[in-house]
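# how does the following fold in three dimensions:
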Amino acid sequence: MTIWEGLREEGHVIVKTEVSRGGEYVEELSSPLTPAKYIFNVGENTTRAFLQSRRNWKKTRGVFLTSVGTQRASGLPGLLMTFADSGLTSLNIAGPAGLLHFMAAMRKYTFRENLSVNPIEISTSRHQDEPSDDTPIYKDDNISVFALPVSAEIQSPEVTSGSITLPHSETNVVNRRSGKRKRSPSPPAPPLQEVISHPDFDPTTLVGDMSQEWLRHIVRTMFPGSAAKPDVSSTKVEHVSQPSGFNRPLPSLPACNRRATLAYAVVGPRVRGKFDVKRAEGLGLKAGPLRARVARGETVTVVGKDGVERSVGPSDVVGASEDPGVILILDTPSSAHIPSLVKGFESGAFSKYWTNGSEKKDHALRVVFHLCGDGVFEHEGYKAFMKGFKDDVHSSILLHLETMCQIRSHLLAQAFNQLRLNHLDNDIFPVPKYSLEAKKALDTTDLPSNTDCMRAHTIIDVRPPRPPLRDSEAEANDLFHPAVLSGEPPTLSDAARTQFSEARVRVEEATVPDVVGKDVMVVTLGTGSAIPSKYRNVSGTLLCIPEAGYILLDAGEGTWGQLSRNYGAGVWDVLRGLKCIFISHIHGDHHIGLAKILAMRQQLDPPPEEPLYLISNRVVFLYLRDYNALEELGFSEDAKARVVPILSDEIHWRNKGRGGWNYGDQDQKGSRLAAGALCKTLGLQKINTVDVEHRARCHGLIVKHLDGWSVVFSGDTVPTQKLVQAGTGATLLIHEATMANDQVEMARAKMHSTFGQAIDIGKSMNAQNILLTHFSARYPKMPPSISERQAGDPVVAFAFDHANIKIGDMWKMGVYARAIEQSFIDIADIEGEEPEVIDAAHVDIS
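Next up, the predicted model:
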């Protein structure tokens, strides 16, 4: 059994079981583990971390969440769809109270017909004086997983009686042999179906078991497991068969469940002792059927060499069994959780893992992962708790990332390429921010001797036990940190050196006309489509208006991490200056990172004085408000950092709502007033949307400044004259260019644009500059070349992650194109990469 630590924006731990290659198992008594993986916590960019590390997600059986907020679980929807697209057909997902609500909130953008998901929601309503249950919440032929609720405060019976969570006795326990889950009787399906079929059905009225069953019904709808793996070459669009009430808000979630977390104990199998062949033969037990019976635990009668008949059982010929190895994963987000955690280890099932506990030990505790929130590790009560673990147990601590842990760049391939391009233009291609020195030293005085900080790509073997080791493959693949620490310019090939030099000369000698809005900055945070790759994150573009603020155009998963890598410690100033976020449509690669950004904004101290204006459609606001019940995003009246909704239809460039629908709610009534306030904040003449043509309802955005410049953002769309009409005369058109020019039919089937079509739209609207982005996974590095620019043509530029381009410098990207392409060729030679062919090019996170 092996543990692999991953440390990105948030930490995750992967437990991997595999058949031993070290000869620990002997004869027919061997009990090899079945190869499998179990993932604990799925923070943002978990999928991209897998791609970067070259490890895969095959044979994953379970995902276990210590909490269901953005910090530990925001990578789940993207990972689930990636799992399904790679052929995984079943998955168990365990988590604390609110797990079903969390998964059901994804219903409008997460669906895979070929995947069956078994949600295991664990009650967190245990009273502090009640001992923890010794029943595994998950068990298969490799591991048993036990859960301990950890609360920030004692919950009274009156509060918990109305909880939506199932009693612990009703928790699912998966039987891996049968493939079915065991569960105590739950309300039969007909009553729920009867309620759903009522014409006035409103899910928000559901409570208790009926509420839980409704949420499970939604999850089954999202992941029915009723089809084979999708054919990626197909252009067929899959749709969810939506039950009544699917588009309504979810039932209420009691606030008492928000702050509780789970601690996990992962217990391996008890391995039987080695068979003593010499002892067996001495007793007359020869190789054959009788020995096999003893191996199965039976007692047999044999006649020895001395002619004496005797009984021989396992205790006569088998050595002592090996105690199961145990891994603990403890999530303590605040000092208020410490008393509950300690109480859980003082008595009950988890006391056996603590030396201060009274129970007899029948296991071998190997590793303890401490996921510590701000101020927890420094707390004397927590240090005293840590002392309760023996010195021979490895304690790995994931602390508040800005204090005691290094902030290393984990997207090494992209960072190394950016470092090289920094020597081409250090303004457009800044070096990603990182830190190899913690702000505070880790003081392990009086703590177990094997205590250290978690680091990415650390491997800990549990059986046989070995000290933690850095993954040698990951170390070998890290070209960025050694290069940047050397202080020397990166080594360039002769071809790259020539291209870099020629490009810089051309830029220096160029005569550039003055452009209105030349200092407006575009930061391309994510330039890929559908799924992330080594070099491209999914959609996200930041527009910086000097002395006014920022507009974020789409926010795919990992956008917060991209912002942090681009701005370092200054990311909090950017977050405070963020005035507007525009989400074009409901497909996941355009908004899964939104909740994380909104949650981080709640941490600003002092809170921002001005609200954040969020422009999108009703479906996006539906899921955000559902999610807001789990974690404050800014939609509550008492939120520290408010979010003001603006409906896309209400600021349509033709000044009328699409289809004339009149909901009469506050979102609709307040949208135009809010848009006016936003324009005043950013110095805009107007900000409007335009409906474009995609598989889901989608809008583009037109931003017109009082100074005379304008930016048009296409969203996802086929070529459409609506965008041309709405954006005529744009200073900059940011247009999706998913497919190459020889893929016109595929682009139409997927409702996307080719490079040439995007450029033609820009020419038709008389745009001065065109920035192409949202490239298919077929082009993880350099998109295919386009024809040379002719006199009178607009400037055309390709977008790359972490490019910081002023509108007045957009023309430089064309000059740099050959040098950038040569840099990618060099990196492929250095890493020994094969040409990348991505079958997922046809996969949409939708």
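# so where do the strands sit in the stretch 301-450 of the chain?
Secondary structure of the stretch 301-450 of the chain (DSSP state E, counting those that start in this stretch): strands at 309-312, 325-332, 364-372, 394-398.
# for those strands, which one sits closest to residue 631?
Nearest to residue 631, of all the strands of the stretch 301-450 of the chain, is strand 325-332, at 14.7 Å by CB to CB. For every residue, glycine as well, the C-beta is placed using N, CA and C.
# which strands border that closest one, and is each parallel or antiparallel?
For strand 325-332, the paired strands and their directions (DSSP bridges) are strand 261-267 (antiparallel), strand 364-372 (parallel).
# who touches residue 627 in this structure?
102, 105, 595, 633 (CB atoms under 8 Å, 6 or more residues apart in numbering).
# in this structure, what helix or strand scores lowest on average pLDDT?
Ranked by mean pLDDT, DSSP states H and E, the weakest helix or strand in the chain is helix 157-160, scoring a mean of 36.
# can you check which of the strands of the stretch 301-450 of the chain gets nearest to residue 244?
strand 325-332 (37.2 Å).
# residue 199 and residue 245, how far apart?
11 Å (CB to CB, to the nearest Å).
# looking at the two, which one has more neighbours?
Neighbours around residue 199 and residue 245, counted as other CB atoms under 10 Å, are more numerous at residue 245. The numbers are 19 against 5.
# so who does the more buried one touch?
The contact partners of residue 245, by CB under 8 Å, 6+ apart, come to 196, 201-203, 214.
# what does residue 794 give?
733, 759, 762-763, 767-770.
# wait, residue 412 sits on residue 482?
No: between residue 412 and residue 482 there is no contact under CB atoms under 8 Å: 10.4 Å.
# these two: which has the busier surroundings?
residue 412 (21 against 10).
# distance of that one from residue 418?
Distance from residue 412 to residue 418, by CB to CB: 11 Å.
# isn't there a strand covering residue 490?
No: according to DSSP: H, G, I helix; E, B strand; the rest coil, residue 490 belongs to no strand; its state is coil.
# and it, how many neighbours?
20.
# how about the one 5 residues further on?
Under the neighbour criterion other CB under 10 Å, residue 495 is assigned a count of 14.
# quick one, what contacts residue 759?
By CB under 8 Å, 6+ apart, the neighbours of residue 759 are 770, 772, 786, 794, 796.
# ditto for residue 100
Applying CB under 8 Å, 6+ apart, the residues contacting residue 100 are 119, 121, 164, 212, 215-216, 219.
# report the two of those separated the most.
Within the contacts of residue 100, 164 and 219 form the most distant pair, 14.0 Å apart (CB to CB).
# who has more neighbours, these two?
With neighbours defined as other CB under 10 Å, residue 164 and residue 219 compare such that residue 164 has more, 23 against 20.
# CA atoms of stretch 55-74 as PDB?
Listed next in PDB are the C-alpha coordinates belonging to stretch 55-74 (Å, rounded to 0.1, in the frame of the first residue of the first chain):
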ATOM      1  CA  ARG A  55       0.000   9.500 -13.000                       C
ATOM      2  CA  ASN A  56      -3.400   8.300 -14.100                       C
ATOM      3  CA  TRP A  57      -6.800   7.800 -12.400                       C
ATOM      4  CA  LYS A  58      -7.300   4.300 -13.600                       C
ATOM      5  CA  LYS A  59      -8.600   1.800 -11.000                       C
ATOM      6  CA  THR A  60     -10.000   4.600  -8.800                       C
ATOM      7  CA  ARG A  61     -12.600   3.100  -6.600                       C
ATOM      8  CA  GLY A  62     -13.500   5.900  -4.200                       C
ATOM      9  CA  VAL A  63     -13.300   9.600  -3.500                       C
ATOM     10  CA  PHE A  64     -13.400  10.600   0.200                       C
ATOM     11  CA  LEU A  65     -14.100  14.300   1.100                       C
ATOM     12  CA  THR A  66     -13.300  15.700   4.500                       C
ATOM     13  CA  SER A  67     -15.600  18.600   3.800                       C
ATOM     14  CA  VAL A  68     -17.800  19.800   0.900                       C
ATOM     15  CA  GLY A  69     -16.600  23.400   0.400                       C
ATOM     16  CA  THR A  70     -14.500  24.900  -2.300                       C
ATOM     17  CA  GLN A  71     -11.300  24.200  -0.400                       C
ATOM     18  CA  ARG A  72     -11.500  20.400  -0.500                       C
ATOM     19  CA  ALA A  73     -14.100  19.500  -3.200                       C
ATOM     20  CA  SER A  74     -14.200  22.100  -6.000                       C
END
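# give me the mean pLDDT for it.
Taken as a whole, stretch 55-74 has a mean pLDDT of 91.
# list the contacts of the helix or strand where residue 476 lies.
For residue 476, the host element (DSSP states H and E) is helix 472-477. Here helix 472-477 makes contact (CB under 8 Å, 6+ apart) with 53-54, 412-413, 456-457, 831.
# wait, what's in contact with the residue lying closest to residue 642 once chain neighbours are set aside?
Excluding its sequence neighbours, the residue lying closest to residue 642 (CB to CB, 6 or more residues apart in numbering) is residue 611, at 4.3 Å. Residues near residue 611 by CB under 8 Å, 6+ apart: 634, 641-644.
# now residue 611: how far from residue 640?
From residue 611 to residue 640 the distance is 11 Å (CB to CB).
# what's the answer for residue 615, then?
The gap separating residue 615 from residue 640 is 22 Å, by CB to CB.
# neighbour-wise, which of these two wins?
Each of residue 615 and residue 640 has its neighbours counted (other CB under 10 Å); residue 615 has more, 28 against 15.
# what is the burial count for the residue lying closest to residue 333 once chain neighbours are set aside?
The spatially closest residue to residue 333, leaving aside those adjacent along the chain, is residue 373, at 3.9 Å (CB to CB, 6+ apart). Per other CB under 10 Å, the neighbour tally for residue 373 reads 18.
# and the pLDDT for residue 373?
So, for residue 373, pLDDT stands at 90.
# can you report phi and psi for it?
phi -80, psi 180 (degrees, to the nearest 10).
# and stretch 203-219, how far from the chain's centre?
Put simply, stretch 203-219 sits 26 Å off its chain's centre (CA atoms, centre = their mean, to the nearest Å).
# for that stretch, buried residues please.
Going by neighbour count (16 or more other CB atoms under 10 Å), the buried part of stretch 203-219 is 203, 206, 209-219.
# please name the bridge partners of residue 804.
According to DSSP bridges, beta-bridge pairing links residue 804 with residue 523.
# going by distance to residue 579, which of the contacts of residue 627 wins?
residue 633 (16.6 Å).
# wait, that closest one sits on residue 599?
Yes: the pair residue 633 / residue 599 is scored as a contact, 6.0 Å apart, by CB under 8 Å.
# which one of these two has more residues nearby?
Between residue 633 and residue 599, residue 633 has the larger neighbour count (other CB under 10 Å), namely 25 against 21.
# and the more buried one, how far from residue 587?
From residue 633 to residue 587 the distance is 20 Å (CB to CB).
# next one: residue 119
Distance from residue 119 to residue 587, by CB to CB: 23 Å.
# neighbour count: the two, which is higher?
Shown here are residue 119 and residue 587; by other CB under 10 Å, residue 587 has more neighbours (26 against 21).
# please consider this matter closed, and thank you.
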